[in-house]
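Trainee: quick one, structure for this:
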Amino acid sequence: MNFKDLLVETVTDPASAARRIISMQLSFDVVWTGFALNVVLSVFLYAVQGYLLGYPSNTLFPGLSPAMFGVFLVVLQLSYTIASITAAKWMGREANFTTILGLLVWLRIVNIIVQVIAIVLVFVITPVAVLFNLAAAVYGLYVLAHFTNVGFGLNSMARSAGVIVLAGIGAMIAVLILMGLFLPTILETSNV
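Mentor: Model (predicted):
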């Protein structure tokens, strides 16, 4: 199976794609290399988007530099992985850290592709870009639910949703703690 086939399967049959990725039994080195690649690509895309459209700024992430965005992305992804494993364990299911991180790395790579399409659409047809982003976010949760369900062997989309919510809360707590450590620096370098 090649990259394109796995990408199409992720969109059309996410549970099957998750099973296929798990069956590859990706090594520790491959998963961490993929993780580093997705962080570098995400930071690059963030910088390009910032150059073309301006950096997004809100009260939670006030105009982060690309380097600081990369730090927050690493913390967010790793804390989400750990929090999802912890939440699934509370539900009586366990999974290997490398396996779950591998699934999430693949989803992040798919998300990067979606972001590139969205940026191009902003310059072609802006209203379509907004609708595309909204549809991609909703469908992305659907795909994440299937990957979570298969990754942990939950056999329940409701339990999968529970893991996603608990992991999301755990990841946001980690990011807020990190912001508490770096908030003065962020505010000094931002336009706030």
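Trainee: may I see the buried residues of the one helix or strand in the chain whose mean pLDDT sits lowest?
Mentor: None of the helices or strands of the chain scores lower by mean pLDDT, DSSP states H and E than helix 157-189, at a mean of 80. Within helix 157-189, the residues that count as buried by 16 or more other C-beta atoms under 10 Å are 159-164, 166-168, 170-171, 174-175, 178, 186. For the C-beta atoms, the positions are set from N, CA and C on the backbone; glycine is no exception.
Trainee: ok, of the residues you listed, which one's closest to residue 144?
Mentor: residue 164 (6.1 Å; C-beta to C-beta).
Trainee: how near is that closest one to residue 99?
Mentor: Using C-beta to C-beta, to the nearest Å, we find residue 164 at a distance of 17 Å from residue 99.
Trainee: ok, residue 27 next?
Mentor: 11 Å.
Trainee: compare these two (neighbour count), which wins?
Mentor: residue 99 (18 against 11; other C-beta atoms under 10 Å).
Trainee: quick check: which element contains the more buried one?
Mentor: Element membership for residue 99 (DSSP states H and E) is helix 97-124.
Trainee: what helices or strands is the next helix-or-strand element following that helix leaning on?
Mentor: Counting by DSSP H and E, the element after helix 97-124 in chain order, helix or strand, is helix 126-152. If contacts are counted by 3 or more C-beta pairs under 8 Å, 6 or more residues apart in numbering; DSSP states H and E, helix 126-152 sits against helix 3-12, helix 14-23, helix 66-90, helix 97-124, helix 157-189.
Trainee: thinking again about what came up before, can you tell me the average pLDDT over the helix holding residue 99?
Mentor: For helix 97-124, mean pLDDT is 93.
Trainee: spit out the contact partners of residue 142.
Mentor: For residue 142, the contact set (C-beta atoms under 8 Å, 6 or more residues apart in numbering) comprises residue 14.
Trainee: swap in 10 Å and give it another go.
Mentor: 14, 157 (C-beta atoms under 10 Å, 6 or more residues apart in numbering).
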